[in-house]
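**Q** Output the structure for:
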Amino acid sequence: MRVFIVGGTGLLGSAGAAELIKRGHSVRSIALPPIPKGANLPSEMELILGNMNEMSDEEIKRLIEGCEGFVFAAGVDERVEFPPPVYDAYYKYNIAPVKRLLGLAKECGVRKAVILGSYFAYFTKLWPEKKLYEKHPYIRSRVDQENVALSFSDDKMDVMVLELPYIFGKQPGRKPVWMIFVKQLLNMRRAVFWPKGGTSMVTLRQVGECIAGAVERGRGGVCYPVGYYNMTWKEFLRI
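**A** So this is what the prediction gives:
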């Protein structure tokens with residue numbers, strides 16, 4: 001299968017590309033320049049550098065044509081700061097591109113589409129009494145992203161969402177996402193204060209396997225919660 005990946009030079013997109021190629025698929029990707037210095041990108045991946053938000057529909061369709069699979073591994077998360085109202089920025093980067101690209105992918109004959117989402121959407125559905133959707137614009141954007149994505153799923157194109165938790169991995173040429181977390185701990189010089197509870201976690205390799213598995217065997221209209229390790233914050237901070 002030929003798979004088109006949006007964000008193939010990123011931490012998650014490159015892991016998905018490597019696993020798909022390992023399984024015998026071919027991958028074409030578009031990503032923002034520059035390529036991270038020293039990034040271990042699969043040499044077999046056909047890479048186009050550019051900004052899809054600045055391309056016309058016809059330009060994008062020419063890139064997607066001939067692909068049966070589609071992976072959206074782009075967007076922003078809650079670590080990126082925006083001026084208020086921040087939901088508008090999340091909509092611009094996480095929702096609007098999904099809506100546009102899935103429509104174009106369907107026109108091009110794509111059969112399988114995988115969107116990389118967040119486990120915050122899963123918890124919003126699991127605990128409606130906590131009103132996470134109403135209280136947090138980032139979580140709201142992830143739920144809205146899922147709803148938009150799944151609205152394109154039908155008998156012509158299967159669309160699914162991977163609800164990803166904390167991810168451990170690194171990519172040469174990029175600052176590890178955990179630097180923010182480490183700085184917070186370093187600022188607590190005398191004692192570390194952290195809330196109760198914990199989180200689910202996965203490795204970067206596992207995310208790549210999830211992406212490939214979803215492209216190969218995922219069912220349309222389904223949101224897949226992803227997890228492997230469950231740690232309390234106390235256990236996690238000892239690492």
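**Q** Next, count neighbours for the residue lying closest to residue 31 once chain neighbours are set aside.
**A** Spatial nearest neighbour of residue 31, chain neighbours left out: residue 9 (4.0 Å); criterion: Cβ to Cβ, 6 or more residues apart in numbering. For the C-beta atoms, the positions are set from N, CA and C on the backbone; glycine is no exception. Using other Cβ atoms under 10 Å, the number of residues around residue 9 comes to 25.
**Q** Do I have it right that residue 9 meets residue 36?
**A** Yes. Under the criterion of Cβ atoms under 8 Å, residue 9 makes contact with residue 36 at 6.5 Å.
**Q** Okay, and the beta partners of residue 29?
**A** residue 5, residue 47 (DSSP bridges).
**Q** Can you get me a residue count around it?
**A** By other Cβ under 10 Å, neighbour count at residue 29 equals 26.
**Q** What strand or helix carries residue 125?
**A** Assigning secondary structure by DSSP states H and E places residue 125 in helix 119-126.
**Q** Buried ones in that helix, by neighbour count?
**A** 119, 120, 121, 122, 123, 124 (16 or more other Cβ atoms under 10 Å).
**Q** And those, which is closest to residue 113?
**A** Nearest to residue 113 among the buried residues of helix 119-126, counting by Cβ to Cβ, is residue 121 at 16.8 Å.
**Q** ok, the closest one to residue 45 distance?
**A** 29 Å (Cβ to Cβ, to the nearest Å).
**Q** same question, residue 92
**A** Residue 92 sits 27 Å away from residue 45, going by Cβ to Cβ.
**Q** Please enumerate the helices of the chain.
**A** For the chain, helices defined by DSSP state H occupy the ranges 11-22, 57-64, 86-90, 96-107, 119-126, 132-135, 137-150, 179-187, 204-217, 233-237.
**Q** Indicate which one of those helices is closest to residue 77.
**A** Comparing the helices of the chain by Cβ to Cβ, helix 137-150 comes nearest, at 7.2 Å.
**Q** Flag every buried residue along the helix or strand of the chain with the lowest mean pLDDT.
**A** Scoring the helices and strands of the chain by mean pLDDT, DSSP states H and E places helix 179-187 at the bottom, with a mean of 82. Within helix 179-187, no residue counts as buried by 16+ other Cβ under 10 Å.
**Q** Thank you kindly, that will do.
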